[in-house]
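Q: Take a look and give me a structure for this.
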Amino acid sequence: MRRSFISAALALAMLCGCKADTEPYITESETVYVYEDISVTDTPQTETSLASVSETTSAAETSASISGTTAEKTEQRYNFPQEFYEELDGIFAEFPHFLYYDIALAYKDIESGFTFTIDPDDHFFSASVMKAPYMLYIYRLALEGKADLDRKVTYTEAYKREGTGVLRNMEAGTEFTVEELIGYCLEESDNSAFAMLRELFPEDGYTEFMKELGVSHEDDSKAFNQPQICCGSALTISEAIYDFIEENNIYSENLKDHLTHSRNAMILGGEGSEVIRKYGWHGGNFHDLAVIRGEKDYLLSIMANFDMLVIGTEEYRLFGKLSLLIAKYSDKLIEDDAHGNYVSITIKPQEVKDMSLPKDPYMLLSVLNMKLRDIYPNFEALCDDMDADPAKIAESMKKIGYEYDPANNQFSAVPDEAEQAKS
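A: Next comes the predicted model:
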């Protein structure tokens, strides 16, 4: 009989309030409960949940643990109700992404401080989410009289950057105020505008600003040279944004307005809520951090590395399902002294060598290319080792416009006839 991993773990926690084989250790300021070595299995070719506890060990295994901790003693401690964890387990079962990729989440209720996380210390390439704290840094400088937001800056070809944004399509010689450039960075995620602001406000000051905010890891304070971020630090950034907006200073409305018009809505809020957010997307790194204001104000960040997966509607839907689940239960917290005010779930995806071949064609494409990149010298060796039908795989890839490229040992997009005619 299969049982929900999360449901079972939380039930265990509520019953005993301590680690299965170790008494909890208690200090004056902290109580920590850790549940470890919970075996999680998934049977290939069946629609089973990542978060299922099974008596069989014949399938590929993923390990997971759940822990709860309070940073300080408080009069009231909270948790999500059991129903939340049951619905979360359903999302794990619905999306095979949790088996194959790194996905992290961090939530914090502003009023109570209750925090719920999934792999909060997993690090990702930060992509454009770091534009949010960088613009916050500039606004802070403006409040201190160290930045003039009305200053005009001339756009030149030297600032032209590829990727997201609209400035790269504008004529050289166009002038923008610093405030306008901030708007382009936050709303359009404009890389050219960001290059202009970086020159005016160098990284050294930003790095110190991030350290003062208290980001979880030193690397999370960097803006260049493959900057990293984790959901824990994203939560810290979101809280700083929330505090800035709540100050109602002369720039609070500017920041809020820009972030409520940020492109690519991944995190969603409940009915009547205001979602203040900044996304980041580069290759397989797909992130969003947000402040949600409504009947209950809370912070939420979701980050993922989908590696070679072609990101599409399913990935947006995954972010939507997770964020709407949080929205549904954000005003339904229950008192829970057993777990303190912090609950964290750790999920370890399968190793590439252990990955089964998923049915979804785009996810199949990603897994095939990961295996070809990391393990197999060619497609034939992959099929032989996995006892897979090469003809069926090739047909599945053909339907989405991909075919095996022996020269590069990967499945690549097939150029359409118009493109072939041009060449």
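Q: going forward, measure contacts and count neighbours with C-alpha atoms only.
A: Noted.
Q: how about the helices in the stretch 301-423 of the chain?
A: Along the stretch 301-423 of the chain, the segments classed as helices by DSSP state H, counting those that start in this stretch run 313-329, 361-374, 379-386, 390-399, 417-422.
Q: swap in the chain?
A: Counting by DSSP state H, the chain has helices at residues 5-16, 82-94, 97-100, 131-143, 178-187, 191-200, 203-213, 231-246, 252-259, 313-329, 361-374, 379-386, 390-399, 417-422.
Q: now residue 347, which residues is it bridged with?
A: residue 64 (DSSP bridges).
Q: How many neighbouring residues does it have?
A: Residue 347 has 20 neighbouring residues, counting by other CA atoms under 10 Å.
Q: Equivalent analysis for residue 224, please.
A: 11.
Q: what about it, distance to residue 302?
A: For residue 224, the distance to residue 302 (CA to CA, to the nearest Å) stands at 21 Å.
Q: Equivalent analysis for residue 92, please.
A: Between residue 92 and residue 302 the distance is 15 Å, computed by CA to CA.
Q: more crowded one of these two?
A: Ranked by neighbour count (other CA under 10 Å), residue 92 and residue 302 place residue 302 first, with 27 against 20.
Q: Per-residue pLDDT of that one, please?
A: As predicted, residue 302 sits at a pLDDT of 98.
Q: Looking at strand pairing, list the partners for it.
A: Beta-bridge partners for residue 302, by DSSP bridges, are residue 105, residue 288.
Q: okay but it is in contact with residue 230, surely?
A: No: using CA atoms under 8 Å, residue 302 makes no contact with residue 230, being 9.4 Å away.
Q: so who does residue 173 touch?
A: The contact partners of residue 173, taken as CA atoms under 8 Å, 6 or more residues apart in numbering, are 154-156.
Q: related to what we said a few turns ago, most tightly surrounded among the helices of the stretch 301-423 of the chain?
A: Counting by mean count of other CA atoms under 10 Å, helix 361-374 has the highest mean neighbour count of these, with a mean of 19.
Q: hmm, back to that, nearest to residue 172, of the helices of the chain?
A: Closest to residue 172 of the helices of the chain is helix 191-200 (CA to CA; 11.7 Å).
Q: Who are the contact partners of the residue nearest the centre of the chain?
A: Centroid-nearest residue in the chain: residue 303, 0.7 Å away (criterion: CA atoms, centre = their mean). Residues in contact with residue 303, defined by CA under 8 Å, 6+ apart, are 103-105, 124, 230-231, 285-288.
Q: thought residue 235 was touching residue 104?
A: No: the criterion here is CA under 8 Å, and residue 235 misses it with residue 104 at 11.6 Å.
Q: quick one: residue 122 and residue 104 touch, right?
A: Yes: at 6.9 Å, residue 122 counts as touching residue 104 under the criterion of CA under 8 Å.
Q: Using a markdown table, lay out the helices of the chain together with distance to residue 338.
A: Formatted as a markdown table, these follow (distance: least, CA to CA, whole Å):
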| stretch | distance to residue 338 |
| --- | --- |
| helix 5-16 | 6 |
| helix 82-94 | 14 |
| helix 97-100 | 28 |
| helix 131-143 | 35 |
| helix 178-187 | 41 |
| helix 191-200 | 46 |
| helix 203-213 | 30 |
| helix 231-246 | 23 |
| helix 252-259 | 37 |
| helix 313-329 | 19 |
| helix 361-374 | 40 |
| helix 379-386 | 46 |
| helix 390-399 | 50 |
| helix 417-422 | 62 |
